[in-house]
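Asks: Pasting a predicted model and its sequence here:
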Amino acid sequence: MMLSDLDIREAIKKGWIAVDPFYDKSIRPAGLTLHLGEKLLRPKPGKVVDIKSDKIPDYDEITISMDKPYELQPSEFVLAHTYEKVTVSTKLGFLIEGRSTLARVGLTIVQTAMLVYPGHTNRCVTLELANHGPNAILLYPKMKIARAALIELKTAASIPYDQTGKYRNQEAVGRPIFEDEFFEE
């Protein structure tokens, strides 16, 4: 069952979801608005990504400000993070998606990784920003960037993400980790 604004307020009171900093106006009819953090990682071209050999691109770390936004070019991709730190209990599913307003100019904020697992504790959410439009898009810190839809799980998850998840120690935007990408018999 997807949570409404009233359900979200109740989940906050119960401690099932926490957002820091929290803005009351971020609660929407069926979700929460999240904002862009100030750190970006831009992959450098020229490497072959090899998950078997743990080869990832090199990255430029970029810090944006209101006076110095980042100009995301058409067809460009960067990793980013939410300004807010989020805690999701084992009782909730948390799906992050883009905002319609930004999608209408070509910006996507998740490529496929829209699920934030139950048990994600007091951390930013990594975003995968791509500009699919024909025009550059300026990225500012604290701009409205995403929506989170909350779903009550039928039963609580038995394994919180932070118990075993490979990204559990990342504080802000993080590089990919290829530690368990193949099926083990």
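Replies: Thanks, I have the structure now.

Asks: from the chain's centre, how far out does stretch 73-81 sit?
Replies: 13 Å (Cα atoms, centre = their mean, to the nearest Å).

Asks: and the lengthiest strand in the chain, which residues are buried?
Replies: With DSSP state E applied, the strand covering the greatest number of residues in the chain is identified as strand 144-152. By neighbour count, with 16 or more other Cβ atoms under 10 Å as the criterion, the buried positions of strand 144-152 are 145, 146, 147, 148, 149, 150. Using the backbone N, CA and C atoms, a C-beta is placed for each residue, glycine as well.

Asks: can you confirm residue 96 is in a strand?
Replies: Yes - assessed with DSSP: H, G, I helix; E, B strand; the rest coil, residue 96 lies in a strand.

Asks: neighbours of it, just the number please.
Replies: 23 (other Cβ atoms under 10 Å).

Asks: same question, residue 73
Replies: Using other Cβ under 10 Å, residue 73 is surrounded by 11 other residues.

Asks: Also the one 4 residues further on?
Replies: Using other Cβ under 10 Å, residue 77 has 14 other residues around it.

Asks: surely residue 16 meets residue 93?
Replies: No - because the distance of 11.0 Å does not satisfy Cβ atoms under 8 Å, residue 16 is recorded as not touching residue 93.
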